[in-house]
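# Okay, structure incoming, though there's no sequence with it:
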């Protein structure tokens, strides 16, 4: 394998690993939405959404140096959260609970993750030379 082919393969493996991390962080964010300590609802899923959608696109953008690579982890996270959280299960319920404080944590998880990802991608688009690829 030539040096350029090996470099391209390494880029693809990097993006796949970062997308896998984004998928896992999306699953954790959805499953931890109703997380409680005693009777208090702890919005840890909002923190997971924020950190994942800033760190993973920045890592992808810096390691690969292309806008498409930075966008893929955010897109994987968003699709995972929407698919898991808003698609009814066989029992008829959804994983992102509604009603009361849990509804606000569910909405905040989706919106904070989406806004953090889009803001990070907008910031990266100015920071990266996207014409390079």
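Alright, I've got the coordinates. Predicted model only: the values in this text are computed from it and were never measured. Residues are numbered from 1 along each chain as shown.
# What are the boundaries of the helices in this protein?
Ranges of helices in the chain, per DSSP state H, are 3-31, 44-64, 67-86, 100-127.
# Of those, give the one that comes closest to residue 37.
helix 44-64 (9.5 Å; CB to CB). (C-beta placed from N, C-alpha, C; glycine too.)
# Give the rounded mean pLDDT of that closest one.
Averaging pLDDT along helix 44-64 gives 95.
# contact partners of it?
If you take CB atoms under 8 Å, 6 or more residues apart in numbering as the criterion, helix 44-64 is touched by 11, 14-15, 18, 21-22, 25-26, 28-30, 32-33, 35, 67, 69-74, 77, 81, 105, 108-110, 112-114, 116-117, 120-121, 124, 127-128.
# returning to that earlier point: switch the helices of the chain over to JSON lines; also include distance to residue 93.
Listed next are the helices of the chain as JSON lines, based on distance: least, CB to CB, whole Å:
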{"stretch": "helix 3-31", "distance to residue 93": "13"}
{"stretch": "helix 44-64", "distance to residue 93": "17"}
{"stretch": "helix 67-86", "distance to residue 93": "11"}
{"stretch": "helix 100-127", "distance to residue 93": "12"}
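# which stretch among those helices comes nearest residue 94?
The nearest among these, by CB to CB, is helix 67-86 at 6.0 Å.
# rewinding a little: just the buried subset of the contacts of helix 44-64, please.
The neighbour-count criterion (16 or more other CB atoms under 10 Å) marks 11, 15, 18, 21-22, 25-26, 28-30, 32-33, 67, 69-74, 77, 81, 105, 108-110, 112-114, 116-117, 120-121, 124, 128 among the contacts of helix 44-64 as buried.
# Quick check: which ranges of the chain have low pLDDT?
Across the chain, the ranges flagged by pLDDT under 70 are 1-3, 127-133.
# any idea which residue sits dead centre in it?
residue 77 (3.2 Å; CA atoms, centre = their mean).
# got a list of what that one touches?
Per CB under 8 Å, 6+ apart, neighbours of residue 77: 22-23, 25-26, 29, 49, 52-53, 56, 113, 117.
# give me that answer again for 10 Å
Shown in contact with residue 77 (CB atoms under 10 Å, 6 or more residues apart in numbering): 19, 21-27, 29, 48-49, 52-53, 56-57, 113-114, 116-117.
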